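Q: Got a predicted structure plus its sequence, pasted below:
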Amino acid sequence: MDARVARLRKQIYHCDRSLWSFFALVLISVFATPAVLAQVSVLTRRNDNLRSGVNSSETILTQQSVRTRFGKLWTLFADAKIMAQPLYVANLVVPAANIIGATAKTKCANGCNAVIFATMKGTVYAYMADQKPITTNDTLLWATYLSDGNACKCGATGPQNGSGNFDMWAVDDPWWGVLSTPVIDLGANTIYVVTWTNDQQYRVYGLSLNTGQVQKGPTVVQGTVGAETFAANTNGWIQRRKQRAGLLLSNGLLYVAFGGDTTAGLAGWLFVYDAATLAMKTVWSPTPGGRNGGIWMAGDAPAADASGNVYLQTGNGDLVPGSQRFGDSIVKLRFQNNSISVSGFFAPCNQMLLDRCDLDQGSSGAVLFDEFVIGGGKDGRLYLMKADKMPGYTPGPFPPPADACLPAQPDCTDSPDLVQKWQASGGHIHGAPIIWKGPNNETWLYVMGEGDPLKAFPFENGHFNVQAMKHGTWTQPKLNQVKECQILANHGIWMPGGLLGVSSNGSTAGTGIVWALVPADGDGNSCRGVKGMLIAFNAEDVTKEIWRSQGKDVKLSDTKDSFGLLARFNPPTIVNGKVFVGTAGDAEPLQRYAGPRPAQGPANYSLAVYGLK
């Protein structure tokens with residue numbers, strides 16, 4: 001009990017109870033509030049099915065407290081890179097017999113806050129969220145390994161990852177397991193996870209939140225669209241599709257989306273399962289009978305509204321709406337009578353340019369707010385439209401010659417039903433934008449594309465005011481300053497840009513913070529060993545940087561708050577006074593991907609935990 005509360009009780013004991021007991025109850029409740037505030041859970045990618053990326057119930061982390069007392073508190077052990085966004089369950093009850101860690105066994109049998117995350121080795125971990133570990137597993141609640149029990153057959157020892165067959169950049173060599181962000185159903189006490197194993201199959205699991213034990217599945221992901229089968233059963237066949245997009249749970253249905261590095265056939269698949277049984281309900285592709293159309297969205301999950309409509313973005317691929325092919329599109333889907341139908345879509349008028357020049361519209365996910373849908377992709381534009389009036393496709397005068405890809409992009413005119421489009425970034429957009437409703441009835445959109453500073457656009461009279469844009473002061477350097485990462489002379493800008501999250505106590509002034517994870521010393525697409533940096537900005541005025549994990553010198557030197565290597569496409573999770581950052585390990589020499597296979601990866605993988613000191 002807070003000492004202030006104890007003193008108040010002692011004083012009250014000597015007072016007239018008829019009057020003072022009333023004031024006592026009020027004062028005790030005021031002083032005791034921090035200990036009994038309702039706790040927040042984060043159960044899905046980017047906080048909710050709207051994919052807002054906002055925790056508007058954060059009462060501990062304010063601009064002032066982060067500026068003066070914030071830093072790295074500890075790390076939690078992981079067995080491989082963490083590409084899935086960490087999730088969080090408040091007051092999770094785990095039976096003492098199932099708890100692994102000694103401290104956790106003592107403190108958590110009646111419930112404690114838990115952070116849950118999955119790794120690229122196929123392991124799902126649940127740790128105490130608020131307790132510094134003394135040993136590696138001291139605060140571990142449970143851990144469940146979902147691989148096939150064999151050593152990873154990748155790179156030099158097999159045809160999958162590292163050779164370019166399964167993953168063209170060898171990004172995650174030497175492990176490939178859980179790539180996508182799981183989703184949690186509190187009512188069913190279940191966390192749904194998809195993992196890949198060495199038999200070239202994906203499997204869907206439902207794990208008990210209370211114990212980590214498998215209680216549903218596994219269900220092998222398999223289906224056909226037209227004449228094409230998702231997974232072949234022949235010797236030497238290689239699964240090139242990747243389950244990167246986060247999982248969606250909506251109206252009792254589990255949605256599992258796939259993209260891939262395939263250049264022919266279908267890259268994009270969407271499987272729908274009954275969440276209660278993991279029985280498959282249907283499978284859909286955005287390009288049936290065509291090619292590509294991957295649903296990868298830089299790890300973002302499909303969005304869903306209160307009516308169960310699902311919104312997602314697709315990558316390069318055929319666009320023939322009359323044949324139900326929707327490459328480079330924002331698509332609105334409806335599940336009905338055990339099938340999926342397209343109830344609306346939007347494709348930019350320069351879609352043929354996007355497809356030819358590898359400028360996926362689907363390099364980030366769609367975001368819902370009010371009556372709007374907003375999304376953007378690799379060409380750096382954002383598109384705003386009404387959810388109940390998707391603009392469709394008005395083709396421009398393309399395809400252009402191949403040499404027109406960049407930087408000279410010809411413009412064209414979209415459907416008049418499109419509310420707004422603008423050039424929001426000079427580089428690719430991977431981290432989807434975030435919409436935050438702040439003080440003074442102001443609404444802001446935040447986006448941080450490759451090579452760009454954090455940008456903030458105010459929403460006024462149904463549009464975003466591009467001329468009133470504010471931007472942060474830190475910008476990622478050009479790649480030609482990091483020779484180890486160069487592919488060509490003067491090659492490009494740093495991928496993936498900024499992966500964002502926002503925390504605030506409602507619209508209270510002084511509480512809004514934009515959190516950005518960015519590459520600190522190289523391109524996260526073409527380089528191994530790229531360090532990450534966590535930055536906090538004032539959400540009301542992003543020109544004001546509050547805090548960063550790296551030094552402010554030119555080299556962005558390591559500090560006591562550094563977390564190690566960047567796990568690209570993985571945003572931070574901000575909840576109940578903590579910020580959780582998945583890492584790609586502690587350290588590794590900076591070198592090109594797809595170069596010589598490294599003799600070994602980083603020595604230590606972990607989840608970094610930040611908070612007030």
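A: Perfect, I can see it now.

Q: can you pull out the strands in the stretch 51-200 of the chain?
A: Taking DSSP state E, counting those that start in this stretch as the test, the strands found in the stretch 51-200 of the chain are 54-55, 70-78, 87-92, 112-118, 123-128, 140-145, 183-185, 190-196.

Q: nearest residue to Gly365 other than its sequence neighbours?
A: Asp300 (2.8 Å; C-beta to C-beta, 6 or more residues apart in numbering). In this view, the C-beta of every residue, glycine as well, is placed from N, C-alpha and C.

Q: ok, back up a step: I'd like the strands of the stretch 51-200 of the chain laid out as JSON lines, including mean neighbour count, mean pLDDT and distance to Asn98.
A: Converted to JSON lines, the strands of the stretch 51-200 of the chain look like this (neighbours: other C-beta atoms under 10 Å; pLDDT from 0 to 100; distance: least, C-beta to C-beta, whole Å):
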{"stretch": "strand 54-55", "mean neighbour count": "24", "mean pLDDT": "98", "distance to Asn98": "29"}
{"stretch": "strand 70-78", "mean neighbour count": "19", "mean pLDDT": "98", "distance to Asn98": "18"}
{"stretch": "strand 87-92", "mean neighbour count": "21", "mean pLDDT": "97", "distance to Asn98": "12"}
{"stretch": "strand 112-118", "mean neighbour count": "25", "mean pLDDT": "98", "distance to Asn98": "13"}
{"stretch": "strand 123-128", "mean neighbour count": "25", "mean pLDDT": "98", "distance to Asn98": "10"}
{"stretch": "strand 140-145", "mean neighbour count": "21", "mean pLDDT": "97", "distance to Asn98": "6"}
{"stretch": "strand 183-185", "mean neighbour count": "22", "mean pLDDT": "98", "distance to Asn98": "18"}
{"stretch": "strand 190-196", "mean neighbour count": "26", "mean pLDDT": "96", "distance to Asn98": "15"}
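
Q: In the chain, where is pLDDT below threshold?
A: The model of the chain has pLDDT under 70 over residues 1-38, 148-174, 236, 262-264, 398-404, 406-410, 478-492, 593-599.

Q: could you pull out the helices for it?
A: Ranges of helices within the chain are 3-13, 17-36, 63-69, 102-107, 351-356, based on DSSP state H.

Q: you'd agree Gly462 is up against Val419?
A: Yes: contact criterion C-beta atoms under 8 Å: Gly462 and Val419 qualify, at 7.0 Å.

Q: neighbour count winner among those two?
A: The neighbour comparison of Gly462 against Val419 (other C-beta atoms under 10 Å) goes to Val419, with 18 against 12.

Q: gap between the more buried one and Gly472?
A: Here the criterion is C-beta to C-beta, to the nearest Å. By it, Val419 lies 26 Å from Gly472.

Q: swap in Phe372?
A: 25 Å.

Q: More neighbours: which of the two?
A: When neighbours are counted by other C-beta under 10 Å, Phe372 and Gly472 differ, and Gly472 comes out ahead with 23 against 16.

Q: show me what contacts the more buried one?
A: 453-455, 535, 537, 542-543, 545 (C-beta atoms under 8 Å, 6 or more residues apart in numbering).

Q: any idea how far Pro288 is from Ala118?
A: In terms of C-beta to C-beta, Ala118 sits 31 Å off from Pro288.

Q: quick revisit: mind putting the strands of the stretch 51-200 of the chain in CSV, distance to Trp284 included?
A: Putting the strands of the stretch 51-200 of the chain into CSV (distance: least, C-beta to C-beta, whole Å) gives the following:
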stretch, distance to Trp284
strand 54-55, 29
strand 70-78, 34
strand 87-92, 26
strand 112-118, 25
strand 123-128, 27
strand 140-145, 30
strand 183-185, 19
strand 190-196, 17
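
Q: Nearest to Leu590 among those would be which one?
A: Of all those, it is strand 70-78 that lies closest to Leu590, at 21.6 Å by C-beta to C-beta.

Q: That closest one - contacts with which helices or strands?
A: strand 123-128, strand 605-612 (3 or more C-beta pairs under 8 Å, 6 or more residues apart in numbering; DSSP states H and E).

Q: in its sheet, what does the first one sit against?
A: With DSSP bridges as the test, strand 123-128 is paired with strand 112-118 (antiparallel), strand 140-145 (antiparallel).

Q: and the longest one, C-alpha only, in CSV?
A: Okay, so that is strand 112-118. The C-alpha coordinates for strand 112-118 follow below in CSV (Å, rounded to 0.1, in the frame of the first residue of the first chain):
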residue,chain,number,x,y,z
CYS,A,112,0.3,-10.7,-13.9
ASN,A,113,0.8,-8.6,-17.0
ALA,A,114,2.4,-10.7,-19.7
VAL,A,115,4.2,-9.9,-23.0
ILE,A,116,3.9,-12.6,-25.6
PHE,A,117,6.0,-12.8,-28.8
ALA,A,118,7.1,-15.3,-31.4
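
Q: contacts for that strand?
A: 39, 76, 78, 82, 84-92, 94, 104, 108, 124-131, 141, 177-178, 182, 184, 191, 193, 195, 209, 573, 576, 578, 580, 582, 607, 609.

Q: any idea of the angle that strand forms with strand 190-196?
A: 20 degrees (axes from the mean of the first three to the mean of the last three C-alpha atoms, to 10 degrees).

Q: Strand 112-118 relative to strand 87-92, how many degrees between them?
A: Going by the same axes, to 10 degrees, strand 112-118 makes 150 degrees with strand 87-92.

Q: same thing with the shortest one?
A: An angle of 140 degrees separates the directions of strand 140-145 and strand 87-92 when computed by the same axes, to 10 degrees.

Q: Distance to Ala347 added to the contacts of Gly472, as CSV?
A: Supplementary listing: those in CSV, determined by distance: C-beta to C-beta, whole Å:
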residue, distance to Ala347
Pro453, 29
Leu454, 28
Lys455, 24
Ile535, 34
Phe537, 33
Val542, 31
Thr543, 35
Glu545, 37
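
Q: Among the residues you listed, which lie within strands?
A: 455, 535, 537, 545 (DSSP state E).

Q: Generate CSV for the strands paired with strand 123-128, with distance to Leu382 as supplementary columns.
A: Below are these laid out as CSV (distance: least, C-beta to C-beta, whole Å):
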stretch, distance to Leu382
strand 112-118, 30
strand 140-145, 39
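
Q: Ok, which of those strands comes nearest Cys412?
A: Of all the strands paired with strand 123-128, strand 112-118 comes closest under C-beta to C-beta, at 41.8 Å.

Q: so how far is the closest one off the chain centroid?
A: Its chain's C-alpha centre and that of strand 112-118 lie 16 Å apart, by C-alpha atoms, centre = their mean, to the nearest Å.

Q: before we move on, what about stretch 420-428?
A: Distance, centroid of stretch 420-428 to centroid of chain: 20 Å (C-alpha atoms, centre = their mean).
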